[in-house]
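J.: structure for the following, please:
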Amino acid sequence: MIQELTLDNSSKRAARIAVSALFFLTGLCFSSWASRIPAIQQSLHLSDGGLGGILLALPIGSLISMPVAGWLVSRFGSRQVLMVTALLYAALLPTLGLVQASWQLFGCLLTFGFVGSLANISVNTQAVAVEKMYNRSIMASFHGLWSLAGFTGAAIGAAMGAGRVAPYQHFLLITAIAWIIVVSSIRHVVAHDSAPQERKAMFARPDGLLMILGIIAFCSMICEGAMFDWSGVYFKKVVMVPDGMSGVGYAAFMSTMAGFRFIADFLTTKLGRRRMLQFSGAFTAGGLLIAVCFPYFYSAIFGFLLVGAGVSAVVPLVYSGAGKSKKLSPGMALATVSTIGYLGFLMGPPLIGFVSEATNLMVSFSIIAVMGMCIAIMGSRVE
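T.: The predicted structure follows:
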């Protein structure tokens, strides 16, 4: 159980700022890598198919590490795990720009994904601890900063690419920034997020609430994965926009997902977790169905805006609820729902591809809309 800590307002604020900075760090490292994928693909002379296979290494590494992450956080505390993994995650980034062969990239991505997942679980455990100090919903704001870091990393990557800066040089700069963030922030995070004498059994079977939260995360991440990988294709092949505008759907989705995370905590406080999940599921399903039933430029953009707003709060709400588990330690509970949810992130894009091959993209997106309905239905069972 997270210790009940009595801190003055300045200490609580310092802890929140520190954890926010570390969320930003993880998002910046990930988006910096993603922004230079085309350059690395070109340097290694990889086909699209070859690159796709290699990119699977990152989610595989993440999935493998999740049970380990829960054990480490429960055993050593999230502060210690976060300090080590955040430094290591940033240090691994330049290796992605130094690889000379596809097998090297696969190995580096596998390690990058593994360590990144450890950092993700530990920083979310810290977020649960800080949220408990405030005694109100603040989880979504942390995830909003991760999304903001995504935009920042993409912008820096675009500038570096335009300036013909080599990926490894770009990544070294990000590593230096990340290390400064870790060194300046780590002393302010929660020192004891779990009391040793109160740690729960790490391998206990998840209770009913955790399974419900895991299913909600699974449905939400199916939607997120589909939007990340297929929104551009949908706008190109179904909405039939010009080639240069195929990314507008993704931009619409990302803008509301990031923006709504900064107001989701306020809405959760007003509406409660259950109603917030119900509204989130309804927005997600409704937005996808609008894009399917009215596959025209403005209506499809409006639909994708709704989807971004819908999924924005789901994962933060799930993580916040999991961190309050009465059966598992916060680290193990977060690892459990993250593992279930991440399976959805992996399954979503291939599912769309298989269904689209057999039918068409509109049918695929209709099926993904069902996941939004499931979020609303399962959300009604969350207190």
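J.: got any ranges where the protein has weak pLDDT?
T.: The chain contains residues with pLDDT under 70 at 1-7, 192-206, 243-244.
J.: what comes into contact with stretch 77-87?
T.: 22, 25-26, 69, 72-73, 115, 118-119, 121-123, 125-126, 129, 178-179, 182, 186, 189-194, 330-331 (Cβ atoms under 8 Å, 6 or more residues apart in numbering). (Glycine included, C-beta is placed from N, CA and C.)
J.: same question for stretch 226-245.
T.: Under the criterion Cβ under 8 Å, 6+ apart, residues 246-250, 253, 291, 295-297, 300, 304, 307-308, 311, 348-349, 351-353, 361-362, 364-365, 368 lie in contact with stretch 226-245.
J.: on that earlier part again, ok, of the contacts of stretch 77-87, which come out buried?
T.: For the contacts of stretch 77-87, a neighbour count by 16 or more other Cβ atoms under 10 Å gives the buried set as 22, 25-26, 69, 72-73, 115, 118-119, 121-123, 125-126, 129, 178, 182, 186, 189-190, 193-194, 330-331.
J.: out of those residues, which sit inside helices?
T.: With DSSP state H as the criterion, helices contain 22, 25-26, 69, 72-73, 115, 118-119, 121-123, 125-126, 129, 178, 182, 330-331 from among the buried ones among the contacts of stretch 77-87.
J.: what's the burial count for Q42?
T.: 9 (other Cβ atoms under 10 Å).
J.: begin at 40 from now on, thanks
T.: Okay, using 40 as the starting number, the last item reads as Q81.
J.: how far away is it from L90?
T.: 10 Å (Cβ to Cβ, to the nearest Å).
J.: same check on R312?
T.: From R312 to L90 the distance is 40 Å (Cβ to Cβ).
J.: ditto for A297
T.: With distances taken as Cβ to Cβ, A297 is found 26 Å from L90.
J.: between the two, tell me which one has more neighbours.
T.: A297 (20 against 16).
J.: right, and that one touches A188 too?
T.: No: under the criterion of Cβ atoms under 8 Å, A297 is not in contact with A188, lying 9.7 Å apart.
J.: the closest residue to I329 other than its chain neighbours sits in which helix or strand?
T.: Nearest residue to I329, sequence neighbours excluded (Cβ to Cβ, 6 or more residues apart in numbering): G342, at 3.6 Å. Element membership for G342 (DSSP states H and E) is helix 336-351.
J.: extract the CA atoms of that helix and return them as CSV.
T.: Output of helix 336-351 as CSV, limited to C-alpha atoms (Å, rounded to 0.1, in the frame of the first residue of the first chain):
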residue,chain,number,x,y,z
PHE,A,336,-13.2,15.5,-45.2
TYR,A,337,-14.8,17.6,-42.5
SER,A,338,-17.0,15.0,-41.0
ALA,A,339,-14.2,12.5,-40.8
ILE,A,340,-11.9,15.1,-39.2
PHE,A,341,-14.7,15.8,-36.7
GLY,A,342,-15.0,12.1,-36.0
PHE,A,343,-11.3,11.7,-35.4
LEU,A,344,-11.3,14.7,-33.1
LEU,A,345,-14.0,12.9,-31.0
VAL,A,346,-11.9,9.7,-30.9
GLY,A,347,-8.9,11.6,-29.6
ALA,A,348,-11.1,13.2,-26.9
GLY,A,349,-12.6,9.8,-26.1
VAL,A,350,-9.4,7.8,-25.6
SER,A,351,-7.5,10.6,-23.9
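J.: same for the helix or strand hosting T323, what does it pack against?
T.: Here T323, judged by DSSP H and E, is contained in helix 312-332. The contact analysis (3 or more Cβ pairs under 8 Å, 6 or more residues apart in numbering; DSSP states H and E) places helix 312-332 against helix 247-276, helix 287-310, helix 336-351, helix 353-361, helix 400-418.
J.: out of those helices, which is closest to A140?
T.: Proximity to A140, assessed across the helices and strands packed on helix 312-332 by Cβ to Cβ, is greatest for helix 247-276 (25.7 Å).
J.: sorry, back to before: and the helices and strands packed on helix 312-332, which is most packed in?
T.: helix 353-361 (a mean of 27; mean count of other Cβ atoms under 10 Å).
J.: which residues sit against it?
T.: 163, 166-167, 170, 176, 178-179, 181-182, 248-249, 252-253, 255-256, 259-260, 300, 303, 307, 312, 315-316, 319-320, 323, 369, 372-373, 375-377, 380, 414, 421.
J.: let's see 7 Å
T.: 163, 167, 170, 176, 178-179, 182, 249, 252, 255-256, 259, 300, 303, 307, 312, 315-316, 319, 372-373, 376, 414, 421 (Cβ atoms under 7 Å, 6 or more residues apart in numbering).
J.: ok, stretch 336-352 next?
T.: 179, 259, 262-263, 266, 270, 274, 278, 280, 287-288, 291-296, 299-300, 303, 307, 315, 319-320, 322-323, 325-327, 329-330, 411.
J.: please parse this protein into its domains.
T.: Domain assignment for the chain by automatic domain parsing gives 48-228, 247-418.
J.: please identify the helix or strand for the closest residue to G109 other than its chain neighbours.
T.: Nearest non-adjacent residue to G109, counting by Cβ to Cβ, 6+ apart: A374, 3.0 Å away. Using DSSP H and E, A374 maps to helix 369-397.
J.: that helix versus helix 247-276: what angle between them?
T.: 40 degrees (axes from the mean of the first three to the mean of the last three Cα atoms, to 10 degrees).
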